[in-house]
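*Asks:* pasting a predicted model and its sequence here:
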Amino acid sequence: MFEGEFTHQGDLCTFEVLVASLPQPDPALQAIAEIVHDIDLKEERYQRPETAGIARLLAGICLVGVDDELRLARGAALFDVLYESFQLKPK
């Protein structure tokens with residue numbers, strides 16, 4: 001975001017910088033940061049298996065929603081569920 005408090009730093013995307021600023025590590029947020037990094041920077045640094053699917057869902061949200069508030073709401077819901085899924089302990 002222009003003149004925002006957080007922005008890309010070095011080879012980190014803005015979301016990675018934000019996650020790194022948290023007082024305690026959060027493995028679920030770190031996983032999401034890796035996905036966001038590869039989508040944002042069009043890289044395959046982390047090669048997480050979820051990245052292509054999340055990128056496709058985000059593209060769909062952008063194509064279908066013409067209203068910014070709707071896009072934000074759908075994107076937030078997507079990342080909320082993704083965060084919850086990363087918090088689940090494997091059985």
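*Replies:* Now that the structure is in, tell me what you want to look at.
*Asks:* only C-alpha atoms for contact and neighbour calcs from this point on.
*Replies:* OK.
*Asks:* which residues does the most centrally placed residue in the chain contact?
*Replies:* The residue lying closest to the centre of the chain (CA atoms, centre = their mean) is V36, at 3.8 Å. Residues in contact with V36 (CA atoms under 8 Å, 6 or more residues apart in numbering) are C13, F15, T51.
*Asks:* looking at this, it is in a helix?
*Replies:* Yes: V36 sits within a helix when classified using DSSP: H, G, I helix; E, B strand; the rest coil.
*Asks:* before we move on, back to that, so can I have JSON lines of the contacts of V36 showing secondary structure and distance to Y83?
*Replies:* Formatted as JSON lines, these follow (DSSP: H, G, I helix; E, B strand; the rest coil; distance: CA to CA, whole Å):
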{"residue": "C13", "secondary structure": "coil", "distance to Y83": "18"}
{"residue": "F15", "secondary structure": "helix", "distance to Y83": "14"}
{"residue": "T51", "secondary structure": "helix", "distance to Y83": "14"}
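*Asks:* which one of these is nearest to A28?
*Replies:* Nearest to A28 among the contacts of V36: F15, at 12.9 Å, using CA to CA.
*Asks:* ok, the closest one touching A31?
*Replies:* No: using CA atoms under 8 Å, F15 is not in contact with A31, being 11.1 Å away.
*Asks:* of the two, who's got more company?
*Replies:* Using other CA atoms under 10 Å as the criterion, F15 and A31 rank with F15 on top: 21 against 18.
*Asks:* the nearest residue to that one once chain neighbours are set aside: what's it in contact with?
*Replies:* Excluding the flanking residues, the one nearest F15 by CA to CA, 6 or more residues apart in numbering is A33, at 5.9 Å. Applying CA under 8 Å, 6+ apart, we find A33 in contact with F15, E16, V19.
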